[in-house]
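J.: predicted structure and sequence below. I'll ask about it afterward.
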Amino acid sequence: MTSAASAELSGPDQAEGSERVPDDAPVLPDHVLAAAGRPGPGPRFADPVWDLGPFLPRSTSQRTIVFTSVADPITALVLREYLYSRLRRGNSALVRRGPMKLTGIFGAAQKARTVIATLQAVGARRLSEVTTQHLQAALERWQAVSAEEAALRVTAVKHLFAHGPFLTADRLLVNPWPGRSAHAVAGVVRDEENTTERIPEATIAPLVKGAVFYVTTAGPDILAARAEYAELAVAHTTQRRPRGSGSARARIEEYVAELRATGRGVPALPTRQAARGVGVPTVDGVPQAPNAALVARLTGVSASVEVRRYLTEAATELGYEIGGLRTALSNWPSSGRPWRPGLGPLELATEVVQLRMACWIVIAYLSGMRDAEVRELAPDCAFTENGPDGRIRYKLRGRVLKGRKLAGEEAEWVVLDIVHQAVALLTAVNDDPTHLFGHKGMTSNSLVLFGSVNRRLNDFRDHLNALFSTSDIPYVPLHMAAPEPGTEPTAHDEPGREEKEDPEEEPVPWRLSTRQFRRTLAWHIAHQPFGVVAGARQYQHAELALFEGYAGTSASGFAAEVAAERAVAQLDYVEDLYRDWNDGHRASGGAAGRVNAEFDRIRRELGDLPGITASPARLRTMLQHLTKTLHPGVLNDCFYQHSTAVCAKRAHHTGRPLPLLTMCLTCPNARRSSVHLPRLTTARAQAQRPLDAPAGLSRLQAAALTTHIAELDHAIAELRTDTGGPST
């Protein structure tokens, strides 16, 4: 620190009653240093850059705090002292009272800088000059962005005030919004439902299908091509000829004859290299110039001018093709053709990156793990155990970081066998001894961790579209972007007014992020009858272990997220049942009377008319209690009451009630509505089919099916003739 800066910091802005932190004081508390197990104290207080990387999980993207970018020395010292205090002291004014976790220091630094800059912009040069008017002006600026953004900034202001006694250069003297929470100040309305966006089914289905294809089919092709190129590299280094003999011209002629015999073209120069060349034309996306360097490795010759000339002449007959390695590629099922044009060294490097991304998707989406939990997995994370029923359980062993101490806590996840396949592929393409997603960098031999996952997710989607789209339809469909806030049609719009189409509005690719995968998976589990994941059918992973792993009791807290999604799904379903009833549709079954009576009570209190819901928010509140006993079903819904449940009386020997199909149709707890009618009709047709088969059935089988069909006919007739809706 310069003498001029020191003089300024000891001027009139100096806060009274606090002691300056020594310049050589270690930034990190003792417990962080001890947990890291690394020699040395880490960064010192006065260091221009705090390098925290050695003490953080490798999945943490930001590693340093740079103070040289802060021009004002007083602001720089305030930030240093504030962060130093946050790492050592809690804030009794907020819910989270303990010292800040080290991984939160980067967000705290950014928010504090933003707060100080905003307060300066509204007229407060120093924190000590801030008034309530300045705070209100700053709040209005933050609210103009969003209420959530404003809440984060208000929280930072409250932290700055709470740690004021430990700031020597400048401090807030006005208590910001005392007695009010940041959410209340910012005007945040809490939503019971998770606000993280859920990936649309039209997007997630092909994306996961493509990732599974990479793991099961393309991945082995990539490994084979890597092995081929590694062998060529060894041969080139040791100057061994991999194929053929005789002069260089003879070996090139032999290679061209091989291309002619197999119907292949001359390996083309990679697109990235061709773009750097002058006057290299491109036909159908293929540069019209030979990849002489690759051919030289394939044949054991030097990439001379003569070799390039001969290959160019051969291309007039054979044409050019992308790639050049001999490894055969598997077919993409939808087209029956190889899943991509050939592989060369550069294409191979690109595909290895895409393979890592595909493995991330398979692991994250088929486990419910967070991004950091996935990327912190060790190479030996996969193992199996025998379950109590004798089936093999495929598991991952890792660490949960969110809400835990810095090093995290050990946890296990039950997964599918394809997740183990993804782990095996990663161990084959990566070479980090401690991290499954660690690998050597492109420009050096130093180990790096697979990062920039949000960007790579969208790159992978675009890569799938480049490989598998048809001439008129993208493989991963586009998505119509949501309207900008304030542009949506409202109830105050004039009735009958025609909506004008925006000529510039066009569908765009869905913007993927890591958090969406966990939310989407939890939603799929919760919104399916009997807790069956939609993807279990759509992605051909219909195994019982799927649900066990997704909704198990992993320490990652995923089960709690599934439970929250299920609560919302249950309430959505009950609301649909009410609207169906309120619109006059029929309902039947043993529980129809009491449920319809409850609906009628709610309708009277709300003042609803058929087809109209007076207060959606109040309606959901009044329907909430029905979700506690509701179990949605395929042929009927169950509003379970133990005292009258037929399944509970007939299944005591198992220790738990079991759903019995024929019992549910006549159970006092069952209720059927219009949504079940087509399913009942389908079930009736399926039951009739064996009776009509020429082979015939035994007398007992025929009797059982006949009885079942009679019960289905009765249930169908009730929905078609009885009036279960509200009286009008």
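T.: Structure received.
J.: C-alpha only now, for contacts and for neighbours.
T.: Fine.
J.: Ala289 against Ala314, yeah?
T.: No - using CA atoms under 8 Å as the test, Ala289 is too far from Ala314 to be in contact (11.1 Å).
J.: the two: who's more crowded?
T.: Shown here are Ala289 and Ala314; by other CA atoms under 10 Å, Ala289 has more neighbours (24 against 20).
J.: my read is Phe383 is in a helix, agree?
T.: No - using DSSP: H, G, I helix; E, B strand; the rest coil, the assignment for Phe383 is strand, not a helix.
J.: ok, for it, nearest residue in space, not its chain neighbours?
T.: Lys395 (5.4 Å; CA to CA, 6 or more residues apart in numbering).
J.: Phe517 versus that neighbour, what's the distance?
T.: Distance from Lys395 to Phe517, counting by CA to CA, to the nearest Å: 19 Å.
J.: those two: which is more packed in?
T.: Phe517 (25 against 21).
J.: in the stretch 451-600 of the chain, which spans are helices?
T.: 453-468, 514-526, 534-538, 544-550, 558-582, 592-606 (DSSP state H, counting those that start in this stretch).
J.: out of the ones you listed, deepest packed?
T.: helix 514-526 (a mean of 22; mean count of other CA atoms under 10 Å).
J.: what residues are up against the residue nearest to Phe383?
T.: Listed by CA atoms under 8 Å, 6 or more residues apart in numbering, the contact set of Lys395 reads Ala382, Phe383, Thr384, Glu385, Glu412, Trp413, Val414, Val415, Leu416.
J.: so among those, where is pLDDT lowest?
T.: Across those, the bottom pLDDT score, 80, is held by Val414.
J.: what about it, which helix or strand?
T.: According to DSSP states H and E, Val414 maps onto strand 409-415.
J.: in the next helix or strand after that strand, what's buried?
T.: Toward the C-terminus, strand 409-415 is succeeded by helix 417-429 as the next helix or strand (DSSP H and E). Buried residues in helix 417-429, counted by 16 or more other CA atoms under 10 Å: Asp417, Ile418, Val419, His420, Gln421, Ala422, Val423, Ala424, Leu425, Leu426, Thr427, Val429.
J.: likewise stretch 346-353?
T.: Neighbour-count burial for stretch 346-353 [16+ other CA under 10 Å]: Glu347, Leu348, Glu351, Val352.
J.: in helices, which of the residues you listed fall?
T.: Glu347, Leu348, Glu351, Val352 (DSSP state H).
J.: would you check that the last one makes contact with Asn430?
T.: No - the pair Val352 / Asn430 is not scored as a contact, 9.6 Å apart, by CA under 8 Å.
J.: mind checking the backbone torsions on Ala108?
T.: Backbone torsions for Ala108, taken as degrees, to the nearest 10, come to phi -60, psi -40.
J.: in the stretch 101-250 of the chain, where is pLDDT below threshold?
T.: Along the stretch 101-250 of the chain, segments meeting pLDDT under 70 span 191-194, 238-246.
J.: hmm, back to that, need the contacts of Lys395 in CSV (columns: neighbour count and distance to His134).
T.: Putting these into CSV (neighbours: other CA atoms under 10 Å; distance: CA to CA, whole Å) gives the following:
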residue, neighbour count, distance to His134
Ala382, 22, 55
Phe383, 12, 58
Thr384, 14, 60
Glu385, 12, 61
Glu412, 19, 50
Trp413, 25, 50
Val414, 27, 53
Val415, 25, 53
Leu416, 22, 56
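J.: for the residues you listed, which one is nearest Thr196?
T.: Nearest to Thr196 among the contacts of Lys395 is Trp413, at 22.5 Å by CA to CA.
J.: distance from stretch 465-483 to the middle of the chain?
T.: 19 Å (CA atoms, centre = their mean, to the nearest Å).
J.: same question, stretch 664-678
T.: Chain-centre distance of stretch 664-678: 37 Å, with CA atoms, centre = their mean.
J.: can you check stretch 147-167 too?
T.: 30 Å.
J.: all helices of the stretch 1-150 of the chain, in order?
T.: Going by DSSP H, counting those that start in this stretch, the stretch 1-150 of the chain shows helices at 3-9, 30-36, 73-86, 105-121, 132-145, 147-162.
J.: compare those helices and give me the one nearest Asp23.
T.: Closest to Asp23 of the helices of the stretch 1-150 of the chain is helix 73-86 (CA to CA; 10.6 Å).
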